[in-house]
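Colleague: Here's a sequence, model it:
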Amino acid sequence: MVKRKTAIWIRKAHRYLGLFLGIQFLMWTISGLYFSWTDIDEIHGDHFKKEQEKIVHSNLKGLDIITSRMEVSALELRTIANKPYYWINDSILVDASSGSIKPEISEEEALKVAEMQMRDDLQVISVDYITEVDKHHEYRGRSLPAYVINYNHPENVKAYVAALDGSFQRVRHQSWRWFDFLWMTHTMDYEGRDDFNTSVLRIFSLLGLITVISGFVLWYVSSSTIRRMIKK
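Modeller: Model (predicted):
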């Protein structure tokens, strides 16, 4: 068996590591419970959206006219406010009926895009236009500028529509914000949320492993059963 001083040192190390890591262990447990008990589709806000109807367009502008003015490496047909548009090279929006380039969509068009996606019973209370967000914003990492459609709902529901290409981006609500906060504490990435290779997470994971191992060692050196087995 180990010496008494060594056993005391292991016990102190285990105790203080437990105190130091306790809050983070608690957050890992709480966040894990929340993730396992929530429906990810609801977190994404799917219950605020309605079924999408298939839209068919006709009399589209010939692509030969467009390709004569620019080289095309990527092309997508989109519907914005019930009108057809080409999204070309992930950077240029072209009216598919007239062939004219559209710099960005209007607030009215953004409202119509959101109206096609969101439930009819949700009431719009305001619309904001944003050009930048910080690393902690709920719209981080998405296309800017964008329109923020705010709805009258207890969960502070917001829909985001990109101004450059008219695409419906995301729905954000209170449950998602709780998820985002807990995900941050789970990954310990306090900026972008999704980096699992942060130094802080690595250090805490290593210290957590040491804490668990010290607990087993402490049990081994202080167990009367083990002592009796060794004496035999």
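Colleague: OK, contacts around the residue positioned nearest the centre of the chain?
Modeller: Centroid-nearest residue in the chain: residue 180, 6.3 Å away (criterion: C-alpha atoms, centre = their mean). Neighbour list for residue 180: 138, 193 [criterion: C-beta atoms under 8 Å, 6 or more residues apart in numbering]. Heads up, the C-betas are built off the backbone N, CA and C, glycines and all.
Colleague: ok, and it, which helix or strand is that part of?
Modeller: Using DSSP states H and E, residue 180 maps to helix 174-187.
Colleague: Tell me the first helix or strand C-terminal of that helix.
Modeller: helix 199-222.
Colleague: where does this structure have low pLDDT?
Modeller: By pLDDT under 70, the low-scoring segments of the chain are 1-14, 17, 20, 67, 195-196, 218-219, 221-232.
Colleague: what ranges do the helices span in it?
Modeller: For the chain, the helices defined by DSSP state H cover 4-37, 40-43, 63-67, 107-117, 174-187, 199-222, 224-231.
Colleague: could the ones you listed go into a markdown table alongside distance to residue 135?
Modeller: Output for the helices of the chain, formatted as a markdown table (distance: least, C-beta to C-beta, whole Å):
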| stretch | distance to residue 135 |
| --- | --- |
| helix 4-37 | 20 |
| helix 40-43 | 20 |
| helix 63-67 | 37 |
| helix 107-117 | 24 |
| helix 174-187 | 11 |
| helix 199-222 | 16 |
| helix 224-231 | 51 |
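Colleague: Residue 174 versus the residue nearest to the centre of the chain, what's the distance?
Modeller: According to C-beta to C-beta, to the nearest Å, residue 180 and residue 174 sit 10 Å apart.
Colleague: residues near residue 79, how many?
Modeller: Using other C-beta atoms under 10 Å, the number of residues around residue 79 comes to 16.
Colleague: Phi and psi next, for the nearest residue to it once chain neighbours are set aside.
Modeller: Excluding its sequence neighbours, the residue lying closest to residue 79 (C-beta to C-beta, 6 or more residues apart in numbering) is residue 55, at 5.0 Å. The phi/psi pair for residue 55 (degrees, to the nearest 10) reads phi -110, psi 130.
Colleague: quick revisit: looking at the helices of the chain, which is closest to residue 83?
Modeller: Between residue 83 and the helices of the chain, the shortest gap by C-beta to C-beta is with helix 107-117, which sits at 8.5 Å.
Colleague: Please list the outside residues in contact with the closest one.
Modeller: Residues contacting helix 107-117 (C-beta under 8 Å, 6+ apart): 49-50, 52, 79-82, 105, 124, 127, 129, 147, 149, 159, 161, 163, 166-168.
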